[in-house]
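K.L.:
model this:
(2 chains)
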Amino acid sequence: MSPSTKVELPDGLTVVVNAECPTCTLVRPVLDKLNVHIVSEDDDDGLEISYRLGVETVPTLLRVEGGTEQARTVGWSRSRWEEITGAAPLGAGLPDFRPGCGSRTLEPSVADELAVRFQGHRLRSRRVELGALEDEAEAMFERGWTDGLPVVAPTEARVLRMLGGTDRDPAEIVAVVPPDLVECSVEKVAVNAVMAGCRPEFLPVVLAALEAACTTEFNAHGVLATTMPVGPVLVVNGPVRRRIGMNSGVNVLGQGNRANSTIGRAVQLVIRNVGGGRPGGVDRAAQGNPGKVGLCFAEDEEGSPWEPLHVSRGFDAAVSTVTVFAGEGPRGVVDQLSRDPESLARSLAACLRTVQHPKLALAFDALVVVGPEHGRVFREGGWSRAQLLARLDELLTLPGDDLVRGAGGIAEGLAPTVAGITLPKFRPGGILVVHAGGGAGLFSTIIAGWASGPTGSQPVTREVRT
Amino acid sequence: MKVLDPTSEQVPAIRARTARPETLDGLTVGLLDISKARGNVFLDRLDEVLRSRGARVERFIKPTFTKPAPIDLRHEIATRCDVVIEALAD
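P.N.:
Prediction:
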């Protein structure tokens, strides 16, 4: 959201100054000789004009013609001032150049107050006045707005700061959020992103993740309502990972990184607060999993033996994306002895067979997070991602005789009609592979999926826009 | 402290439930199979029992149990049936 709106200035020269700035004092004799409209940040009206002009440094000199800004410079630069004013020579006795000072509009307490004063009207959410004696954290628990962990109070100033993370209009509708099928604005996402603990630069990722989750293909309604222990698992790719400081390395699926920890949480808070999806309500998970608080991580693209996930799904490497996958809690795959890709593929296949149940097939997808030390085995063996997936498909083609109900003394299984034939464990394309994790440890992780394909949930990738 | 409401701010209309019929005589009973495993077994049996008692029975199937019923299907059930029984299975 733009910090400023249009401000009318008289034609000619305008300069924005404040009393505490030595450079402003330095240029005072110059201003005395010019026909210039002086705006001082030391009074409220001047502060408002400065804010609306988006002034970051004083002095800021502008030339306006026909009501439109034609030129602008900050600090004192003789040549630039002469160019803009058309008057020369200027500032005899002054040095050629002096940097300016920070605008008062950027002082933290002033910036928040100005944003609320001049931008607050753009926020359409209902204001809730918490009682003077109420602890705000407790008040938000009591109103049912949290996921069980404390949230950051979404004050006007914080929400406006959050909206600074995107160019999108606060009123723009991002998605229709289940289960209540509510049109959700950028602003409502920002409110929940504040509560989740996001920084403004995370907001575009949260917005893209919600767009992806609220598609028919992903089916967030079903993912929420199911009795199975799944939730949205977010994989972030592209330049945004580094720009917002996401973790793709040590403890990638664990705690400790703000972006990883809060982006997924923000998505889940939107589904709870805007969509109305709450555990025990439409969320009927029998057991759930800890990742339902929010599970989000970045792929280690730089260290990967393969092209990044989003490239394998048709996006350009330079584009940032979020891929949303309906997944349960992560489970480890320990293989510390395989040094050739065939052996390691067999290990992964053996573990993948157990997704949801070793006797169920063609019902669930899986997300395999290949750790760097396992990735090295595939790199050194020269295996492409396609080769690995093809081999996994072969290894996971299962004899129906082993899958039928009762086989192995286990009642669970498939109908007797599969006896005598073979079945793939996963539908075509049902295994997603990403590369992430710390450099030490011959481990990978499997995140098992939920009802797969068009009748359940399909992974969806969306571009992260600004 | 003033905070922004993070919810949809929607207040759902609360409607009274339709009165339960005393009897199924002369009524049409819809049986909705949500496409979940073995739901049809339960509904087949109900179908038998209801028909043997003289009820009119109509059968409906949701395309997938994972998604809400399509609006056309909901409309069809509402216009053709007096009572509906849904098999959630599991």
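K.L.:
any idea how many residues pack against A:Gln340?
P.N.:
Wrong residue type there; residue A:340 is Asp, not Gln. By the criterion of other C-beta atoms under 10 Å in any protein chain shown, A:Asp340 has 13 neighbours. All C-beta atoms are positioned from the backbone trio N, CA, C, and that covers glycine.
K.L.:
ok, now how distant is it from A:Arg391?
P.N.:
12 Å (C-beta to C-beta, to the nearest Å).
K.L.:
how about the residues of chain A by chain B?
P.N.:
Counting by C-beta under 8 Å from any C-beta of the partner chain, the residues of chain A close to chain B are A:123, A:125-130, A:136, A:140, A:145, A:153-156, A:159, A:177, A:180, A:182, A:184, A:188, A:191-192, A:195, A:216, A:219, A:221-222, A:226-227, A:269, A:273-276, A:451, A:454-457.
K.L.:
buried subset of the residues you listed, written for PyMOL?
P.N.:
Here is the PyMOL command that selects the buried residues among these (16 or more other C-beta atoms under 10 Å in any protein chain shown):
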select buried, chain A and resi 123+125+128+130+136+140+145+153+154+155+156+159+177+180+182+184+188+191+192+195+219+221+222+226+269+273+274+275+276+451+455+456+457
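K.L.:
now residue 62. Its backbone dihedrals?
P.N.:
Here I'm looking at chain A. With angles defined as degrees, to the nearest 10, A:Leu62 sits at phi -130, psi 150.
K.L.:
how about A:Gly400?
P.N.:
Here is the backbone geometry of A:Gly400 (degrees, to the nearest 10): phi -60, psi -30.
K.L.:
give the contact list for the residue nearest to it when sequence neighbours are not counted.
P.N.:
Nearest residue to A:Gly400, sequence neighbours excluded (C-beta to C-beta, 6 or more residues apart in numbering or on different chains): A:Val418, at 3.4 Å. Contacts of A:Val418 were listed using C-beta atoms under 8 Å, 6 or more residues apart in numbering or on different chains, and they are A:400, A:403-404.
K.L.:
ok, these vs A:Glu380, which is closest?
P.N.:
Taking C-beta to C-beta as the measure, A:Glu380 lies nearest A:Leu403 of the contacts of A:Val418, at 35.0 Å.
K.L.:
and that closest one, what does it touch?
P.N.:
Shown in contact with A:Leu403 (C-beta under 8 Å, 6+ apart): A:359-361, A:413-414, A:418, A:423.
K.L.:
can you tell me the element residue 47 falls in?
P.N.:
No chain specified, so I'll use chain A. Per DSSP states H and E: A:Leu47 is located in helix A:44-53.
K.L.:
chain B, not that one
P.N.:
Assigned by DSSP H and E, B:Asp47 belongs to helix B:39-52.
K.L.:
roughly how far is that helix from the heart of the chain?
P.N.:
15 Å (C-alpha atoms, centre = their mean, to the nearest Å).
K.L.:
again with stretch A:265-281
P.N.:
The answer for stretch A:265-281 is 17 Å, by C-alpha atoms, centre = their mean.
K.L.:
can you check stretch A:262-280 too?
P.N.:
Put simply, stretch A:262-280 sits 14 Å off its chain's centre (C-alpha atoms, centre = their mean).
K.L.:
quick one: the strands in chain B, in order.
P.N.:
B:2-4, B:28-33, B:56-61, B:83-87 (DSSP state E).
K.L.:
go on, the stretch 251-400 of chain A?
P.N.:
Taking DSSP state E, counting those that start in this stretch to define them, one finds strands in the stretch 251-400 of chain A at A:295-298, A:321-334, A:364-370, A:397-399.
K.L.:
and B:Ala37, what pLDDT?
P.N.:
If you check B:Ala37, the pLDDT there is 83.
K.L.:
re earlier: the very next helix or strand once past the helix holding A:Leu47 - which strands sit beside it in the sheet, and in what orientation?
P.N.:
Next along the chain after helix A:44-53, taking DSSP H and E as the criterion, comes strand A:57-58. Sheet pairing for strand A:57-58, assigned by DSSP bridges, gives strand A:101-102 (antiparallel).
K.L.:
what separates whatever residue of the stretch 251-400 of chain A ends up closest to chain B from A:Ala363, distance-wise?
P.N.:
When scored by C-beta to the nearest C-beta, the stretch 251-400 of chain A has A:Asn273 as its residue closest to chain B, at 4.3 Å. When distance is defined by C-beta to C-beta, A:Asn273 is 32 Å away from A:Ala363.
K.L.:
any chance of the strands of chain B in TSV, with mean neighbour count and mean pLDDT too?
P.N.:
Shown next, in TSV, are the strands of chain B (neighbours: other C-beta atoms under 10 Å in any protein chain shown; pLDDT from 0 to 100):
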stretch	mean neighbour count	mean pLDDT
strand B:2-4	22	97
strand B:28-33	20	95
strand B:56-61	16	96
strand B:83-87	16	92
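K.L.:
nearest to A:Pro95, of these?
P.N.:
Between A:Pro95 and the strands of chain B, the tightest spacing by C-beta to C-beta is seen for strand B:2-4, at 47.6 Å.
K.L.:
point out the other helices and strands that that closest one packs with.
P.N.:
Strand B:2-4 makes packing contacts with strand A:127-129, helix A:156-163 when contacts are defined by 3 or more C-beta pairs under 8 Å, 6 or more residues apart in numbering or on different chains; DSSP states H and E.
K.L.:
let me have those in a markdown table, adding mean pLDDT as columns.
P.N.:
Below are those laid out as a markdown table (pLDDT from 0 to 100):
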| stretch | mean pLDDT |
| --- | --- |
| strand A:127-129 | 97 |
| helix A:156-163 | 96 |
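K.L.:
wait, which of the ones you listed is closest to B:Glu86?
P.N.:
For those, the distance to B:Glu86 is smallest for strand A:127-129, at 37.9 Å, taking C-beta to C-beta.
K.L.:
the closest one pairs with which strands?
P.N.:
Here strand A:127-129 is paired, per DSSP bridges, with strand B:2-4 (antiparallel).
K.L.:
what's the most buried one of the strands of the stretch 251-400 of chain A?
P.N.:
strand A:295-298 (a mean of 28; mean count of other C-beta atoms under 10 Å in any protein chain shown).
K.L.:
packing partners of that one?
P.N.:
Of the remaining helices and strands, those touching strand A:295-298 by 3+ C-beta pairs under 8 Å, 6+ apart are strand A:231-237, helix A:258-273.
K.L.:
that strand pairs with which strands, and in what direction?
P.N.:
Applying DSSP bridges, strand A:295-298 is found paired with strand A:231-237 (parallel).
K.L.:
report the distance from the partner strand to the chain centre.
P.N.:
10 Å.
K.L.:
could you give the average pLDDT over it?
P.N.:
Averaging pLDDT along strand A:231-237 gives 98.
K.L.:
next helix or strand past that strand?
P.N.:
Counting by DSSP H and E, the next helix or strand C-terminal to strand A:231-237 is helix A:240-243.
K.L.:
I'd say A:Gln287 and A:Pro229 touch.
P.N.:
Yes. Using C-beta atoms under 8 Å, A:Gln287 is in contact with A:Pro229, at 5.1 Å.
K.L.:
the two - which one has more neighbours?
P.N.:
Neighbour tally, A:Gln287 and A:Pro229, criterion other C-beta under 10 Å: the higher count belongs to A:Pro229, 18 against 9.
K.L.:
confirm that one sits in a helix?
P.N.:
No. Counting by DSSP: H, G, I helix; E, B strand; the rest coil, A:Pro229 is not part of a helix but coil.
K.L.:
quick check: it touching A:Ala285?
P.N.:
Yes. Look at A:Pro229 against A:Ala285 with C-beta under 8 Å: they come within range, at 5.7 Å.
K.L.:
indicate which one of the helices and strands packed on strand A:295-298 is closest to A:Gly408.
P.N.:
Among the helices and strands packed on strand A:295-298, the nearest to A:Gly408 by C-beta to C-beta is strand A:231-237 (30.3 Å).
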